[in-house]
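A.B. asks: Got a predicted structure plus its sequence, pasted below:
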Amino acid sequence: MKDHGLGESAMKPVRKIVIPVAGLGTRVLPATKTIPKELLTVVDRPLIDYVVDEARDAGIEHVVLVTGRGKGAIEDYFDHAYELEATLRQKSKTDILSEIEKTIPVAGSVSYTRQQAPLGLGHAVWCARELIGDEPFAISLPDEIVAHRPGFLKQMVDAYSSVGGNLVAVEEVPPADTSKYGVIAPKDRTGNLIEMSGMVEKPAPADAPSNFRIIGRYILQPEIFALLENQGKGAGGEIQLTDSMNTLNGQQTFHAVVCDGLIYDCGSKLGFVKANAALGANHPEFGAEFKSFLKSID
């Protein structure tokens, strides 16, 4: 029988999140030649701000950012900009100052660790092991953002409180598109929860066990770190998180959460443009005018 999450960590609350931000953003070059992809803006906020805000809304207390070379601007984003703040204060631009102050986390609630080599998502997560410790933790990929509330992470944390174990977020895609994604092998479904027997990376439509693709949101038990430490290279010559998750799935329970709402994949140029259009059209300040503009385009 599978454990809900080996040892005492099973039903500890999910307090920490790992956000890998060391990637080069090659799919959206040349925009990311000198700017970290996580700081590309969707309307008026960078991608990383949406992801961290979603985590806070889910009750996450501590954010661990796995960085790399050239990512120092991300650390600066989550810090005070004293000259800018002083200027805004002097000019009585309090509304803008308030928006900037919202981006500054509680002291000590954000940590940084380096991934010195691009060895894959699994390796990036493993780099955070000392900061996570013996606790269940969440993972969010900064390419994918959720603008509505409750966010996907909040829905997953709520599901975790019921079933424990390990969870991944999923959404349905056209069966013909399964070769683009990692998909789950389902067992039983109750409401928005699907018990899983495994995961398959980019299967051909004829071989796909389902058309539920894995989104970049996870809740995992800390036993994953021991597996990642000895995980060999997989697809693309990288240490794949999915490989260790499949091993852990033989020991602990895994559920997929069919989350309610939309998530925008900003890791591609088209997805990035779509996110800007969708969120811009719903912006409280200028959304109506922007919608009118979009309709006017031939």
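C.D. replies: The structure has been received and is ready for your questions. Numbers count the residues shown, from 1 in each chain.

A.B. asks: what about S98, helix or strand, and which?
C.D. replies: Assigned by DSSP states H and E, S98 belongs to helix 94-101.

A.B. asks: Mind giving me the packing neighbours of that helix?
C.D. replies: When contacts are defined as 3 or more C-beta pairs under 8 Å, 6 or more residues apart in numbering; DSSP states H and E, helix 94-101 sits against helix 82-90. Quick note: C-beta positions are derived from backbone N, CA and C, even for glycine.

A.B. asks: Buried residues in stretch 181-192, which are they?
C.D. replies: Residues of stretch 181-192 classed as buried by neighbour count (16 or more other C-beta atoms under 10 Å): Y181, G182, V183, I184, A185, P186.

A.B. asks: Would you verify that the fifth one is located in a strand?
C.D. replies: Yes. Counting by DSSP: H, G, I helix; E, B strand; the rest coil, A185 is located in a strand.

A.B. asks: And it, what's its pLDDT?
C.D. replies: At A185, the model reports a pLDDT of 91.

A.B. asks: That one against V200, yeah?
C.D. replies: Yes. A185 lies in contact with V200 (C-beta atoms under 8 Å); the separation is 6.3 Å.

A.B. asks: okay, now the closest residue to H283 other than its chain neighbours: neighbour count?
C.D. replies: Of all residues not flanking H283 in the chain, V43 sits nearest, at 6.0 Å (C-beta to C-beta, 6 or more residues apart in numbering). Using other C-beta atoms under 10 Å, V43 has 19 neighbouring residues.

A.B. asks: Now for V43: which residues touch it?
C.D. replies: N276, L279, G280, H283 (C-beta atoms under 8 Å, 6 or more residues apart in numbering).

A.B. asks: And the buried ones among those, selectable in ChimeraX?
C.D. replies: The following ChimeraX line selects those of the contacts of V43 that are buried, judged by 16+ other C-beta under 10 Å:
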select :276,279,280
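
A.B. asks: between the contacts of V43, which is closest to T253?
C.D. replies: Checking those against T253 by C-beta to C-beta gives L279 as the nearest, at 35.2 Å.

A.B. asks: show me what contacts the closest one?
C.D. replies: L279 sits in contact with V42, V43, A147, Y264, where contact means C-beta under 8 Å, 6+ apart.

A.B. asks: Read off the pLDDT value for it.
C.D. replies: In this model, L279 is scored at 94, pLDDT.

A.B. asks: After the helix or strand hosting it, which helix or strand is next?
C.D. replies: In the assignment (DSSP H and E), L279 maps to helix 269-281. Downstream of helix 269-281, the next assigned helix or strand under DSSP H and E is helix 287-296.

A.B. asks: Distance to L88 added to the buried residues of stretch 181-192, as JSON lines?
C.D. replies: Formatted as JSON lines, the buried residues of stretch 181-192 follow (distance: C-beta to C-beta, whole Å):
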{"residue": "Y181", "distance to L88": "43"}
{"residue": "G182", "distance to L88": "44"}
{"residue": "V183", "distance to L88": "47"}
{"residue": "I184", "distance to L88": "47"}
{"residue": "A185", "distance to L88": "53"}
{"residue": "P186", "distance to L88": "51"}
